[in-house]
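>>> Next comes the sequence, and after it the predicted model I'd like to discuss.
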Amino acid sequence: MIILDQQMKENENIEDESEDKQLYVPLFPMRKKPSIGSNQINSQSTSQSTQMLTQFRSLQNSNEKRELEVTIIKELMKDKRSTQFYAVQDNWITQYKQYLYQNGQRPGILDNNNCTQYIIVNEAIWIFFKQEYQAHPDIICKQKHSRTNDKRSKTVEPIVNPQSVSTSQSTYELPLIGMKNDSYYCYMHSGLQSLLSIADLNYFIIKYIQRISKQQIFDKRKFNTLSFTKAYFDLIDQIKSNTFPIKINPIKTFIINQFHPKNQHDCHEFLLYLLGHIEDEILNFNKETKSTYINFIEQIFKGKIQTTILCQLCKNKVKQIEPFLTLSLAISQSKTLDQCLDEFLKEETLRDYQCAKCQSLCIKTLQVVSIPQILVLHLKRFQFMPQCHKNNKNITYPIDILNFANRTFRLRAVIVHTGNLQSGHYFTFAKRYHQWFLFNDETVKAATKKQVLLQAAYILFYQINENP
């Protein structure tokens with residue numbers, strides 16, 4: 001089993017880690033008829049069932065303990081109250097699956113055209129694993145599954161407590177699907193998985209394309225000008241209709257001139273490129289069709305920052321307000337994200353600029369005058385002057401409350417880069433359905449807050465708290 005609070009190796013590609021070293025598989029005995037009847041638990045009272053679990057926990061590793069365990073597992077699989085089913089990696093469950101087969105229990109299998117197989121376990125068994133082994137199997141996806149459904153159903157969506165999340169948010173949260181990497185696309189996968197974890201963006205993309213497609217049914221030429229936006233919509237649709245890692249070919253096609261597939265690229269540059277093109281398409285479409293569709297890129301991601309230049313002698317003042325999609329923060333003088341933000345907004349004396357009126361020295365100050373819904377913070381780890389190198393220093397950052405510009409934010413996603421300027425790898429941690437997950441190309445794993453906070457972050461996504 002994967003121990004979730006195990007610290008990830010620092011400065012290494014997670015993709016290269018030996019997964020077997022992190023797995024714990026119980027030693028299962030050879031086939032032997034259980035000494036306890038398979039229907040015994042059903043006839044027990046709640047207190048007797050508790051006694052059975054207590055007995056199981058008190059036994060040392062032995063055939064007797066495993067026989068009792070398989071009986072408990074069989075009965076948990078029959079639990080009619082447990083309607084939530086999980087798919088877990090076959091490399092963890094292989095031995096257990098074989099043992100269940102040998103003892104007359106046929107576990108559910110989810111496959112897709114002879115692709116890698118996964119075993120389906122219900123929530124009761126998943127909790128049992130977690131309680132008894134202080135861990136749980138590696139989740140591939142959380143599956144809604146009815147006992148009357150075909151076991152090969154492809155309808156796979158994360159499960160949410162409907163009382164803990166609004167209807168609109170739960171509707172536009174997406175399934176946990178990895179992305180196949182057949183070249184150097186980890187930078188794109190990490191950026192997209194972070195964006196796909198923002199329910200508001202999913203909502204606007206879906207509604208925007210649906211409304212336009214209905215209204216522009218007789219004008220495909222104008223509709224085709226929304227190439228990036230439509231590709232993002234198709235990506236969402238592809239994720240919702242698949243249960244296995246996907247390829248994102250449409251977006252690759254549109255960015256090939258700027259991001260050659262045989263070269264490594266910067267994830268921050270890709271994010272700016274993608275969001276910028278989607279915004280341009282919205283604005284151009286509104287202009288050409290005289291429409292008034294919401295610029296949701298501006299509404300979600302754009303803030304405004306005011307630059308004030310004040311002459312120290314004559315007090316002449318010049319102000320300028322500019323929009324921003326991300327804030328790029330220097331890290332060389334800081335240890336925490338709060339210090340990076342303070343350094344960014346710190347008053348600065350301009351040595352290469354003089355007052356237009358009296359040619360005296362001026363002071364520059366920055367002030368955030370408009371706050372975005374999603375605050376994207378880019379840590380400047382790559383430096384090219386005077387020498388090219390990557391700064392791997394640790395910058396601590398909050399996960400629950402970030403105070404900035406008189407508002408509070410909570411962490412939504414973290415993009416990490418391992419390696420150096422010449423070669424490296426990107427992956428991301430993102431929060432969906434009130435849980436943290438690691439998205440590493442094809443792999444999607446449950447993660448803990450501790451794992452998230454241990455990363456050398458490159459890009460952080462903070463979502464504004466609705467109540468100031």
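Great, that's in hand. Numbering: from 1, shown residues only.

>>> buried set for the host helix or strand of Ile278?
Using DSSP states H and E, Ile278 falls within helix 267-289. In terms of neighbour count (16 or more other C-beta atoms under 10 Å), helix 267-289 has its buried residues at 267-268, 270-275, 277-279, 281-282, 285, 289. Quick note: C-beta positions are derived from backbone N, CA and C, even for glycine.

>>> Which of those residues sits closest to Glu69?
Cys267 (44.6 Å; C-beta to C-beta).

>>> got the contact list for Asn263?
Tyr184 (C-beta atoms under 8 Å, 6 or more residues apart in numbering).

>>> Ser58 versus that one, what's the distance?
Remark: distance between Asn263 and Ser58 (C-beta to C-beta, to the nearest Å) = 59 Å.

>>> Likewise for Cys362?
From Cys362 to Ser58 the distance is 76 Å (C-beta to C-beta).

>>> higher neighbour count, those two?
The neighbour comparison of Cys362 against Ser58 (other C-beta atoms under 10 Å) goes to Cys362, with 23 against 8.

>>> And that one, which helix or strand is it part of?
Cys362 belongs to strand 361-370 when assigned by DSSP H and E.

>>> packing partners for that strand?
strand 303-311, helix 337-345, strand 348-354 (3 or more C-beta pairs under 8 Å, 6 or more residues apart in numbering; DSSP states H and E).

>>> Contacts for the first one next, please.
By C-beta under 8 Å, 6+ apart, the list of residues contacting strand 303-311 from outside reads 316-324, 350, 353, 355, 357-358, 360-372, 375.

>>> ok, the strand of greatest length in the chain: who's next to it in the sheet?
Taking DSSP state E as the criterion, the chain has its longest strand at strand 407-419. Each strand that pairs with strand 407-419, with its direction, by DSSP bridges: strand 402-404 (antiparallel), strand 424-432 (antiparallel), strand 457-464 (antiparallel).

>>> In a markdown table: these, plus mean pLDDT, mean neighbour count and distance to Arg66.
Below are those laid out as a markdown table (pLDDT from 0 to 100; neighbours: other C-beta atoms under 10 Å; distance: least, C-beta to C-beta, whole Å):
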| stretch | mean pLDDT | mean neighbour count | distance to Arg66 |
| --- | --- | --- | --- |
| strand 402-404 | 96 | 17 | 48 |
| strand 424-432 | 95 | 24 | 36 |
| strand 457-464 | 98 | 23 | 43 |
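
>>> Need those in TSV (columns: distance to Asn257).
Below are the strands paired with strand 407-419 laid out as TSV (distance: least, C-beta to C-beta, whole Å):
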stretch	distance to Asn257
strand 402-404	36
strand 424-432	21
strand 457-464	23
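
>>> right, so of those strands, which gets closest to Leu196?
strand 424-432 (7.8 Å).

>>> what's the angle from whichever helix or strand comes after that closest one to strand 407-419?
Next in sequence after strand 424-432, counting helices and strands by DSSP H and E, comes strand 435-440. Angle, strand 435-440 to strand 407-419, by axes from the mean of the first three to the mean of the last three C-alpha atoms, to 10 degrees: 30 degrees.

>>> Contacts for strand 435-440 next, please.
Counting by C-beta under 8 Å, 6+ apart, 14-15, 176, 178-179, 189-190, 193, 427-431, 444-449, 451-452 sit against strand 435-440.

>>> which parts of that strand are buried?
Neighbour-count burial for strand 435-440 [16+ other C-beta under 10 Å]: Trp436, Phe437, Leu438, Phe439, Asn440.

>>> cool, stretch 289-303 as well?
Here stretch 289-303 shows Thr289, Phe296, Ile297, Glu298, Ile300, Phe301, Lys302, Gly303 as buried, counting by 16+ other C-beta under 10 Å.

>>> Wait, the fourth one touches Glu279, no?
Right, the one you point to is Glu298. Yes: taking C-beta atoms under 8 Å as the definition, Glu298 is a contact partner of Glu279 at 6.7 Å.

>>> The helix holding Ile278 packs against which elements?
Looks like helix 267-289 contacts helix 186-196, helix 220-223, helix 227-240, helix 249-255, helix 296-301, strand 457-464 (3+ C-beta pairs under 8 Å, 6+ apart).

>>> now the angle between strand 407-419 and that helix, please.
120 degrees.

>>> quick one: which of the buried residues of strand 435-440 is nearest Asp237?
Phe439 (18.7 Å).

>>> could you measure that closest one against Asn284, distance?
Applying C-beta to C-beta to Phe439 and Asn284 gives a distance of 32 Å.

>>> same check, this time on Lys304
Distance from Lys304 to Asn284, by C-beta to C-beta: 22 Å.

>>> ok, now Glu322?
With C-beta to C-beta as the criterion, Glu322 and Asn284 are 21 Å apart.

>>> What of Lys364?
From Lys364 to Asn284 the distance is 34 Å (C-beta to C-beta).

>>> follow-up on the earlier one: filter the contacts of strand 303-311 down to the buried ones and hand me the ChimeraX line.
Burial among these is assessed by 16+ other C-beta under 10 Å; the matching ChimeraX selection reads:
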select :324,355,362,368,371,372,375
